[in-house]
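Enquirer: Pasting the sequence and the predicted coordinates here, then a few questions.
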Amino acid sequence: LDDDSIQTEDYKYLRETLTLQKATTEELIELFFLEKLQLQREETEVNYGTLSVKVYYDNADSSLHVEVMSGKDLPALDTNGYSDPFVLIELCPSHHFPSCAIEKTSIKKKTLHPLFDETFKFPVAVSQLKQTGACVLFTVMDHD
């Protein structure tokens, strides 16, 4: 049999399933974040608003600086037609960044267009940031 006749959709599905089943938990977590990043790159609609951030690495103090600047057109989650948003900032996957805590912005009351203007510093090595699946996860939450 030649490769083309073997490479059926069923074969590809079985091969992928077996590969996932032999993966470690850490490898599965890395794959999860890589898939999320790919989905984000393909996303064309903005359903939940926009978060403006700036992320850069400072070699002088070996740290990743994350600036959460503002939000725009966030969904209204309170009965008054507004939200009380704040942002959680996390370096993922956690097994790559065991010493980095989840950071949190201040809560901005009654707004759908919050101005955060807050900077967070994560002490990490460049090698950690280059690991498979490494990413910054931003989660916008409503306070109440």
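Expert: Arrived safely. Residues are numbered from 1 along each chain as shown.

Enquirer: From here on, just use CA atoms for contacts and neighbour counts.
Expert: Will do.

Enquirer: ok, A134 - contacts?
Expert: 30, 33, 91-93, 96, 128 (C-alpha atoms under 8 Å, 6 or more residues apart in numbering).

Enquirer: Selection in ChimeraX covering whichever of those are buried, please.
Expert: This is the ChimeraX syntax for the buried subset of the contacts of A134, where burial follows 16 or more other C-alpha atoms under 10 Å:
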select :30,33,91,92,93,96
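
Enquirer: ok, and what's touching stretch 80-92?
Expert: Contacts of stretch 80-92 (C-alpha under 8 Å, 6+ apart): 33, 74-78, 97, 100-112, 114, 133-144.

Enquirer: which one among the contacts of A134 gets closest to K12?
Expert: E30 (20.9 Å; C-alpha to C-alpha).

Enquirer: Helix or strand: which one has the closest one?
Expert: helix 25-42 (DSSP states H and E).

Enquirer: how about that helix: buried residues?
Expert: Those would be 29-31, 33-34, for helix 25-42 by 16+ other C-alpha under 10 Å.

Enquirer: Repeat that for stretch 123-137.
Expert: For stretch 123-137, by 16+ other C-alpha under 10 Å, it's 123-124, 129, 133-135.

Enquirer: ok, these vs E45, which is closest?
Expert: C135 (21.5 Å).

Enquirer: so who does the closest one touch?
Expert: Neighbours of C135 in contact, by C-alpha under 8 Å, 6+ apart: 33, 91-93, 129.
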